[in-house]
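Colleague: starting from these lines, generate the structure:
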Amino acid sequence: MALRLDQIQIRDPFVLTHRASGSYLLFGSTDKNIWSGQATGFDCYRSSDLVAWEGPLEAFRPPRGFWSQEQYWAPEVHEYQGRYFMFATFIAPGTLRGTQILAAEKPEGPYAPWSEGPVTPGNWQCLDGTLHVDGEGAPWMVFCHEWKQVHDGTMMAQRLSPDLREAVGVPIFLFSASEAPWSRALDVPSVKDREFPVYVTDGPFLFPLSSGRLIMLWSSFGDHGYAMGIARSESGTILGPWTQESEPLWSTDGGHGMIGRRLDGSLFLTLHQPNKTPDERAAFFPLLEREETVVLAPADGSEDARVDSYSRRNKY
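Modeller: Numbers count the residues shown, from 1 in each chain. Next up is the predicted model:
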């Protein structure tokens with residue numbers, strides 16, 4: 001029986017458009033309680049129209065002896081050199097949270113460990129690694145150095161080996177969460193007694209524009225809760241420097257999204273909303289590409305509304 005999006009509990013949605021089969025695969029954090037207790041793994045769902053979904057399909061189940069048993073977060077799947085690679089976040093007692101790379105022959109899995117544990121630094125608290133292949137074909141991972149360790153969460157870039165088995169060199173700083181004009185300090189009881197304000201970085205996703213520019217979606221907290229903004233690379237490369245747009249792309253109780261492409265070539269945004277377990281669901285919104293950014297398509301579809309939306313978001 002086909003499922004609707006409102007029937008699928010999921011956080012951190014990621015859609016792989018699989019042109020060969022004319023389908024979309026939806027991945028995400030799918031355990032009923034991703035915050036505590038024994039983890040099951042990651043499920044995925046298949047659709048031909050982004051409306052009706054088949055599943056759940058078992059994308060990843062931990063093999064016997066797998067080092068992490070709880071808090072399986074934010075899987076995303078990329079096709080690279082003829083295989084499919086899942087970047088996902090794990091943690092265990094005595095091991096800090098980090099991103100490990102898994103691999104499979106088919107896009108829906110089953111996925112198995114590929115890297116030897118996390119490829120993020122072992123003494124850093126990290127999450128939400130995402131793959132970016134630069135203009136010279138070199139693979140990079142962008143990830144978050146978490147606020148729990150550095151107060152003002154940062155976005156980092158890490159070179160990967162050509163086979164995606166391991167990190168190469170040291171992580172490179174891109175920007176801090178507080179640099180975005182729309183980002184606000186986290187205001188919850190668990191951070192009240194901290195010496196410094198806490199700013200969150202979540203869910204990076206890089207997207208090369210047709211103009212040759214490079215943008216990054218990422219999430220934090222704004223005036224109306226969980227939100228998602230856009231950073232632009234001034235050089236068009238992963239190393240930036242990165243400039244933050246003044247207003248969030250999505251401002252109210254939703255985030256950790258990515259940009260997908262429909263089978264007809266048009267763009268869409270997916271994110272989860274609301275941000276409260278167990279109510280979170282994936283949502284899809286049409287996007288329009290500009291020379292330097294993307295904007296949400298207005299409901300009336302008029303060009304005037306599109307231009308006005310772009311202008312409002314880019315007042316510095």
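Colleague: C-alpha only now, for contacts and for neighbours.
Modeller: Fine.
Colleague: ok, Gly153 to Cys126 distance?
Modeller: 10 Å (CA to CA, to the nearest Å).
Colleague: more neighbours, those two?
Modeller: Taking neighbours as other CA atoms under 10 Å, Gly153 and Cys126 compare with Cys126 leading, 30 against 23.
Colleague: my guess is the more buried one contacts Thr99. True?
Modeller: Yes - shown here, Cys126 and Thr99 form a contact pair, counting by CA atoms under 8 Å, at 7.0 Å.
Colleague: could you pull out the helices for this protein?
Modeller: 147-150, 303-313 (DSSP state H).
Colleague: lowest mean pLDDT across the ones you listed, which one is that?
Modeller: For the helices of the chain, mean pLDDT drops lowest on helix 303-313, to a mean of 38.
Colleague: was I right to think Met158 contacts Ala167?
Modeller: Careful, residue 158 is Gln and not Met. Yes - between Gln158 and Ala167 there is a contact under CA under 8 Å: 6.7 Å.
Colleague: of the two, which one has the most company?
Modeller: Gln158 (24 against 20).
Colleague: who is that one paired with across the strands?
Modeller: Met141 (DSSP bridges).
Colleague: ok, it - contacts?
Modeller: 140-143, 167-172 (CA atoms under 8 Å, 6 or more residues apart in numbering).
Colleague: how many residues are close by Gly255?
Modeller: 32.
Colleague: kindly report the same for Ser176.
Modeller: 19.
Colleague: need the pLDDT of the closest residue to it other than its chain neighbours.
Modeller: For Ser176, ignoring the flanking residues on the chain, the nearest one in space by CA to CA, 6 or more residues apart in numbering is Thr154 at 4.2 Å. You'll see Thr154 listed with a pLDDT of 98.
Colleague: next: Asn314.
Modeller: 38.
Colleague: same check on Arg194?
Modeller: 79.
Colleague: what ranges in this structure fall below the confidence cut-off?
Modeller: 300-316 (pLDDT under 70).
Colleague: hmm, back to that, need the residues touching each of Gly153 and Cys126.
Modeller: Joint contacts of Gly153 and Cys126 (CA under 8 Å, 6+ apart) are 144-146.
Colleague: what residues does Leu209 make contact with?
Modeller: 215, 289, 291-293.
Colleague: just Phe143 next, same as before
Modeller: Phe143 touches 126-130, 155-158, 203-204, counting by CA under 8 Å, 6+ apart.
Colleague: give me the beta-bridge partners of Gly255?
Modeller: His272.
Colleague: does it touch His272 like I think?
Modeller: Yes - look at Gly255 against His272 with CA under 8 Å: they come within range, at 5.7 Å.
Colleague: coming back round to it: among the contacts of Phe143, which pair sits farthest apart?
Modeller: Gln158 and Gly203 (15.4 Å; CA to CA).
Colleague: how close does the nearest residue to Leu16 once chain neighbours are set aside get to Gln69?
Modeller: Spatial nearest neighbour of Leu16, chain neighbours left out: Leu25 (5.1 Å); criterion: CA to CA, 6+ apart. To Gln69, Leu25 is 25 Å away according to CA to CA.
Colleague: burial count for the nearest residue to Lys32 once chain neighbours are set aside?
Modeller: In space, and not counting its chain neighbours, Lys32 is closest to Pro278: 7.0 Å by CA to CA, 6+ apart. Using other CA under 10 Å, the number of residues around Pro278 comes to 14.
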